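**Q** build the 3D model from these lines:
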Amino acid sequence: MVSSSPGTGTVLERSKQTVQYPEARVIVLDDDINTFEHVSNSLCKIIPGMTKDRAWTLTTKVDTEGAAEVWCGPLEQAELYHHQLSSRGLTMAPLERC
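**A** Numbers count the residues shown, from 1 in each chain. Modelled structure (predicted):
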């Protein structure tokens, strides 16, 4: 029979590993279908904290540069905003990881 005395065992410590939650960029693309007003209003309605001035600036960027990042953050929220903007008829780029 094998006996062990208290305090002679090996203690293993757990290693801590920090895993960062994935983030994604929501990008609106230029098209010949949507008006400035519709794009700007959609951004204000869907993206939290979006001001009218910021939405107009982003809409102008979409028109002049062909695309604009309108939001970046946690993947799940990015998927939601991407879907909601797409549902309003905006032309969207595929989600990109930040």
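
**Q** give me the element the residue nearest to the spatial centre of the chain is part of.
**A** Of all residues in the chain, the one closest to the mean position by C-alpha atoms, centre = their mean is Ala78, 3.1 Å from it. Per DSSP states H and E, Ala78 falls inside helix 75-87.

**Q** tell me what that helix is packed against?
**A** strand 23-29, helix 36-46, strand 67-74 (3 or more C-beta pairs under 8 Å, 6 or more residues apart in numbering; DSSP states H and E). For the C-beta atoms, the positions are set from N, CA and C on the backbone; glycine is no exception.

**Q** rebuild those as CSV, extending it with distance to Thr59.
**A** As requested, the helices and strands packed on helix 75-87 are exported to CSV (distance: least, C-beta to C-beta, whole Å):
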stretch, distance to Thr59
strand 23-29, 8
helix 36-46, 5
strand 67-74, 8
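
**Q** deepest of the ones you listed, which one?
**A** Mean neighbours per residue, mean count of other C-beta atoms under 10 Å, is largest over these for strand 23-29, with a mean of 20.

**Q** just the CA trace of it, in PDB.
**A** Provided in PDB are the C-alpha atoms of strand 23-29 (Å, rounded to 0.1, in the frame of the first residue of the first chain):
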ATOM      1  CA  GLU A  23     -13.600  43.100 -34.000                       C
ATOM      2  CA  ALA A  24     -14.800  44.000 -37.400                       C
ATOM      3  CA  ARG A  25     -15.200  47.100 -39.600                       C
ATOM      4  CA  VAL A  26     -18.500  48.100 -41.100                       C
ATOM      5  CA  ILE A  27     -17.900  49.700 -44.500                       C
ATOM      6  CA  VAL A  28     -20.500  51.400 -46.800                       C
ATOM      7  CA  LEU A  29     -19.800  51.400 -50.500                       C
END
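
**Q** now tell me what touches that strand from outside.
**A** For strand 23-29, the surrounding residues in contact (C-beta atoms under 8 Å, 6 or more residues apart in numbering) are 39, 43, 47, 58, 62, 66-75, 78-79, 81-82, 85, 90-93, 95-98.

**Q** quick one: least confident helix or strand in this structure?
**A** Least confident element among the helices and strands of the chain, by mean pLDDT, DSSP states H and E: strand 96-97 (a mean of 94).
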